[in-house]
Every structure is written in C-alpha cells, then in structure tokens.
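A.B. asks: Mind looking at a prediction? Sequence and model below.
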Amino acid sequence: MAEVIALNTQYVGIGAGGSVPMLARVSFIDYRGHVVYDKFVIPSQAVVNYRTSSTGLQPQDLTGPDAVSFSDAQAMAAHLLRGRIVVGHSLWLDLQVLGISHPACDTRDVGLYLPFRSALKTPNQVIGLQTLVWQLMRRKIQANHHNPVENARAAMDLFRSHEAEYVFLPPPILDPYSHIHV
C-alpha cells in the first residue's frame, strides 16, 4: 500500500466581496499525526476578506518570515502528494485552492466515505469534519478557529479508525446510451 498523508488548507477571500478563495495556509500530516509541512502562503493578490472569525488569520500571518510564495507551496504540495494516498475532508476544495490534481483512486475523503455518512443517517449529505469527529470519535475540534493541522490530524484519525474497511469505490461509469431503448 502506498504511503498515506493528510492534507488541509485555509484560504482567504479575494476579488469582488472576497468571494474567490486564495490559499493562505497549507498543512500536511503523516500517518501518525506528525506535521510534515505547515506553511502560511504570501498572498499574490489583494486580500479582501481574511475570514478571521473562522480562520483566526491576520494579515501579518501571511507576510511573516516563515510565509512562502504560492508557487513554492504548490510545488511542495505536489511533491508531497506524488505517489501517496491523500486523506482529508472535502479534499476537492483543498486541491482546487492549491491548483493541483490528484488521482481519485489515491484519495480518501472522510466527508464522502459512505459508512461515516450512513452511521449519522445522512447518506446523501457531506457532513462537516467537526460533526464527524464529534459523533464518531467524541472529540471536539475547531474550538476557536479552523486550524488546518488539527483538521488534517482529525481526518487522518477518522481514516485510521476504519482503515481496514476503507475501500476505495470509484464512481460508477455512466453509460451515455442508457436512455436509448431498442
């Protein structure tokens, strides 16, 4: 089995009304919950909304001596993901804000994992990470702010709790001609 790594990001808002997400922090956690990479990202455009109430981010976080450029963060993320299984919650958002892709067969999104959703009697909904962790592990996260290290660790813990049963099921291949009856 390929090595497993967990990913979570934070983003700020740019553009009209701050509605466009831009990467502000990226965090990777290894299988045992240790931090592999955790960096703030220097904004490449004017930030309209730091989303401070939910993220805790301040302007100085993104301009400090430990902040890296978007291209450096993106390159490191691509390097860390290469050949690995990535675990997370709503991974499509993290990958989108990073501007990278990852094979679906190498993703384990705890928000999409049907046994977790079924256990909460919500098989047709993506349940928030905070709720999943509380309901399935009786652990509180995000007490003050969204913390990508804490969230990546929580996603990895959820994955590890069901790893033996965690089977990747690719989406069904839809037959484009199924509506035609002969």
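C.D. replies: Here it is on my side, so go on. Numbers count the residues shown, from 1 in each chain.
A.B. asks: For the one helix or strand residue 12 maps to, enumerate the helices and strands it packs against.
C.D. replies: Applying DSSP states H and E as the criterion places residue 12 in strand 4-14. Where contact means 3 or more CB pairs under 8 Å, 6 or more residues apart in numbering; DSSP states H and E, strand 4-14 is packed against strand 20-30, helix 70-81, strand 85-88, helix 91-98, helix 148-161. (C-beta placed from N, C-alpha, C; glycine too.)
A.B. asks: State the mean pLDDT of that strand.
C.D. replies: Mean pLDDT, computed over strand 4-14, is 96.
A.B. asks: Same check on stretch 143-155?
C.D. replies: 92.
A.B. asks: Also stretch 162-169?
C.D. replies: On average, the pLDDT along stretch 162-169 is 72.
A.B. asks: and what of stretch 69-82?
C.D. replies: 98.
A.B. asks: Based on its surroundings, how many neighbours for residue 105?
C.D. replies: Neighbour count for residue 105, taken as other CB atoms under 10 Å: 8.
A.B. asks: That one and residue 136, how far apart?
C.D. replies: Using CB to CB, to the nearest Å, we find residue 105 at a distance of 24 Å from residue 136.
A.B. asks: cool, and residue 36?
C.D. replies: 24 Å.
A.B. asks: so who does residue 29 touch?
C.D. replies: 5, 6, 8, 35, 36, 149, 152, 153, 156 (CB atoms under 8 Å, 6 or more residues apart in numbering).
A.B. asks: Compute the first-to-last residue distance for stretch 26-40.
C.D. replies: Stretch 26-40 has an end-to-end distance of 7 Å (criterion: CA to CA, to the nearest Å).
A.B. asks: buried set for that stretch?
C.D. replies: Neighbour-count burial for stretch 26-40, counted by 16 or more other CB atoms under 10 Å, picks out 26, 27, 28, 29, 30, 31, 37, 38, 39, 40.
A.B. asks: what's the most distant pair in those residues?
C.D. replies: 31 and 40 (24.3 Å; CB to CB).
A.B. asks: can you list the contacts of residue 29 in TSV and add distance to residue 55?
C.D. replies: Formatted as TSV, the contacts of residue 29 follow (distance: CB to CB, whole Å):
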residue	distance to residue 55
5	22
6	19
8	12
35	18
36	21
149	13
152	15
153	17
156	21
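A.B. asks: Just the closest of these to residue 17, please.
C.D. replies: The closest of the contacts of residue 29, once distances to residue 17 are taken by CB to CB, is residue 8, at 24.6 Å.
A.B. asks: This completes my enquiry, with thanks.
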